[in-house]
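S.K.: sequence and predicted structure below; questions after.
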Amino acid sequence: MKILHSRKKKRFSLLENGNEIGYLTYEYPDDAARERNVNLLYLYVKPFYRRKGFATKLLKYALKIFKYVTWISFWTGKEAEIDKSYPLYRKVGFKQIAYQADYYKEGIGTRLFVKRIS
């Protein structure tokens with residue numbers, strides 16, 4: 001198991017035997033908060049590898065790399081009843097601070113999770 005970080009692509013890739021099995025992408029805000037904040041964009045693990053701790057490894061690795069920032073934020077967009085990822089975000093220290101039902105379409109809401117680093 002190996003995690004590669006591409007600063008150019010703003011992406012962490014999780015590899016097993018040289019094959020990408022998951023990734024986490026991010027961006028920096030395009031304003032004065034750029035030096036202090038990071039926005040996580042997409043966290044993905046291939047279905048066969050889910051529920052085995054790989055997403056946790058990606059998030060924990062990213063948190064180590066971003067130890068210099070003040071805030072990390074992450075918006076989700078899922079059907080609340082079927083999303084099993086919320087406990088993962090809480091497990092690594094994120095707090096849900098906002099929820100809006102039917103944001104994307106009926107039945108698909110969005111949640112904002114944040115973590116204060118320093």
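M.R.: Nice, thanks for sending it over.
S.K.: low-confidence stretches in the protein?
M.R.: Judged by pLDDT under 70, the chain has its weakly predicted residues at 78-83, 102-105, 107-108.
S.K.: quick one, helices of it?
M.R.: 54-65, 86-91 (DSSP state H).
S.K.: can I get those in a markdown table with distance to Ala101?
M.R.: The way it works is simple: take the backbone N, C-alpha and C, and place the C-beta from them, glycine included. Shown next, in a markdown table, are the helices of the chain (distance: least, Cβ to Cβ, whole Å):
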| stretch | distance to Ala101 |
| --- | --- |
| helix 54-65 | 24 |
| helix 86-91 | 15 |
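S.K.: tabulate those (TSV), appending mean neighbour count.
M.R.: Shown next, in TSV, are the helices of the chain (neighbours: other Cβ atoms under 10 Å):
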stretch	mean neighbour count
helix 54-65	17
helix 86-91	14
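S.K.: and of those helices, who's closest to Ile97?
M.R.: Closest approach to Ile97 among these is made by helix 86-91 (11.5 Å; Cβ to Cβ).
S.K.: so what does the closest one touch, helix or strand wise?
M.R.: Packing partners of helix 86-91 (3 or more Cβ pairs under 8 Å, 6 or more residues apart in numbering; DSSP states H and E): helix 54-65, strand 71-78, strand 95-105.
S.K.: could I get these in CSV, plus columns for distance to Lys84?
M.R.: Formatted as CSV, the helices and strands packed on helix 86-91 follow (distance: least, Cβ to Cβ, whole Å):
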stretch, distance to Lys84
helix 54-65, 10
strand 71-78, 9
strand 95-105, 15
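S.K.: Arg34 is nearest to which of the ones you listed?
M.R.: strand 71-78 (11.8 Å).
S.K.: so that closest one versus helix 54-65, what angle?
M.R.: Orientation of strand 71-78 against helix 54-65 (axes from the mean of the first three to the mean of the last three Cα atoms, to 10 degrees) gives an angle of 160 degrees.
S.K.: can you tell me which helices and strands strand 71-78 packs against?
M.R.: Using 3+ Cβ pairs under 8 Å, 6+ apart, strand 71-78 sits against strand 37-45, helix 86-91, strand 108-116.
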